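Trainee: sequence plus predicted model, see below.
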Number of protein chains: 2
Amino acid sequence: MKFSTQEEYGLRCLIQIATGTVAKPMTILEISQREGLTSTNVAKILHMLKNEGFIEGLRGQSGGYVLSRSPESIKVKDILDALGGNLYDDSFCERHAGSKAICAHDSGCSVRSLWQRIQEAVNDAIGDMNLADLMGTSRFQLKEGMVSLIQAEKVGRS
Amino acid sequence: MKFSTQEEYGLRCLIQIATGTVAKPMTILEISQREGLTSTNVAKILHMLKNEGFIEGLRGQSGGYVLSRSPESIKVKDILDALGGNLYDDSFCERHAGSKAICAHDSGCSVRSLWQRIQEAVNDAIGDMNLADLMGTSRFQLKEGMVSLIQAEKVGRS
DNA sequence: ATGAAAGTTGACCTAAAAGTCAAGATTAAA
DNA sequence: TTTAATCTTGACTTTTAGGTCAACTTTCAT
């Protein structure tokens, strides 16, 4: 059982954006330097996060990336789902059934219930954790009202 | 977050061996047919399981594979660890730190604590589950004393 | 002994994920 | 309007996990 690098890097990029975009949007270059990743790779990851609706790209000379909503409203579970997919879902049995299609319809498939059980445990553990919770141990902590400031800035521009 | 196919197939092969080897050792061909996998692939997986000490290969015309100890004493956690490695371990930060080595020694690494938290949840969920527990929903249930019969057969031969 | 059934080994092939590259399009500030 | 900084896109390369193949060794039943 492993995390994909997309999950790891995506989450870290999100945390960077969340903690760093108080004064101004955070650029790809900035994120790549802070996380030690190449800027092209960061660009790819951010593009994915944008498609999933977590962040927003602001173009132009003073552009960069910004959270599309408050960190409190972005659930860790949603992030992980978007970046790496679920541990267990309905397609799992098909992918792992081998040449026989016994798994999905066979009540004797005892492995499936184990995967489901583990999945539930993970979901419980993550629970209602959100992006703001992950920012707790970071150097810069977003304070009350900062997000709305960013939001206002965005609205004012568009 | 995904399971590797090794974890999936390995676990299923183990269950097959555990439930099927009451009368005689289970052959690679038999397992491959029941699970819909190629026999060469099953051979590779079983070899791995053997190296990890879960099963034992019996050679010769009436050979096959047998559990090396009772299904009650084989913990699911140990199986998963052997087949797929841990979700989080000490090498994780190195692998995912990018070019900077900030993660392992930086208390500001907020992602790490999340991974650890999830790992703990999984461990709790699996807890003391053993191979015998997974056999519960299978067609053939191993009954009291059967394992010792197999053990006796093995001892008698050597 | 001998042959058939079984496991063993290591090299090889394939497919999917991860990461890179380069050209292009968009935007805001001067 | 020009320029510089940004994002966007799609094709390409690299890496790694998964799976295959074929020759070999071991063992038991006859």
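Mentor: Here it is on my side, so go on. Numbers count the residues shown, from 1 in each chain, chains lettered A, B, ... in the order given.
Trainee: any idea how many residues pack against the closest residue to residue A:84 other than its chain neighbours?
Mentor: Of all residues not flanking residue A:84 in the chain, residue A:7 sits nearest, at 4.2 Å (C-beta to C-beta, 6 or more residues apart in numbering or on different chains). C-betas here are computed from N, CA, C, even on glycine. Counted by other C-beta atoms under 10 Å in any protein chain shown, the residues lying close to residue A:7 total 22.
Trainee: show me chain A divided up by domain.
Mentor: Split into domains by automatic domain parsing, chain A comes to A:1-74+A:130-158, A:87-129.
Trainee: rank those by mean pLDDT and give me the bottom one.
Mentor: Mean pLDDT values for those show the minimum at domain A:87-129, a mean of 65.
Trainee: list of residues touching stretch A:41-61?
Mentor: Residues outside stretch A:41-61 that contact it (C-beta atoms under 8 Å, 6 or more residues apart in numbering or on different chains) are A:6, A:9-10, A:13-14, A:17, A:25, A:28, A:31-32, A:35, A:63-68, A:74, A:79, A:82-83, A:154, A:157.
Trainee: just the buried members of the residues you listed?
Mentor: Buried members of the contacts of stretch A:41-61, scored by 16 or more other C-beta atoms under 10 Å in any protein chain shown, are A:6, A:9-10, A:13-14, A:17, A:25, A:28, A:31-32, A:35, A:64-68, A:74, A:79, A:82-83.
Trainee: tell me which of those residues fall in strands.
Mentor: A:64-67 (DSSP state E).
Trainee: what's the burial count for the residue lying closest to residue A:68 once chain neighbours are set aside?
Mentor: Using C-beta to C-beta, 6+ apart and skipping residues adjacent in sequence, the residue nearest residue A:68 is residue A:56, 4.5 Å away. Number of residues near residue A:56 (other C-beta under 10 Å) recorded here: 17.
Trainee: do the same with residue A:30
Mentor: Neighbourhood size, residue A:30 [other C-beta under 10 Å]: 19.
Trainee: what does residue A:133 give?
Mentor: Around residue A:133 there are 17 residues (other C-beta under 10 Å).
Trainee: would the host helix or strand of it count as contacting chain B?
Mentor: According to DSSP states H and E, residue A:133 maps onto helix A:131-134. Yes: applying C-beta under 8 Å from any C-beta of the partner chain, one finds helix A:131-134 touching chain B at residue A:134.
Trainee: CA atoms only: put that helix into PDB for me.
Mentor: The C-alpha trace of helix A:131-134 is given here as PDB (Å, rounded to 0.1, in the frame of the first residue of the first chain):
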ATOM      1  CA  LEU A 131      -6.400  21.900   4.500                       C
ATOM      2  CA  ALA A 132      -6.300  24.400   7.300                       C
ATOM      3  CA  ASP A 133      -5.600  21.600   9.700                       C
ATOM      4  CA  LEU A 134      -2.500  20.700   7.800                       C
END
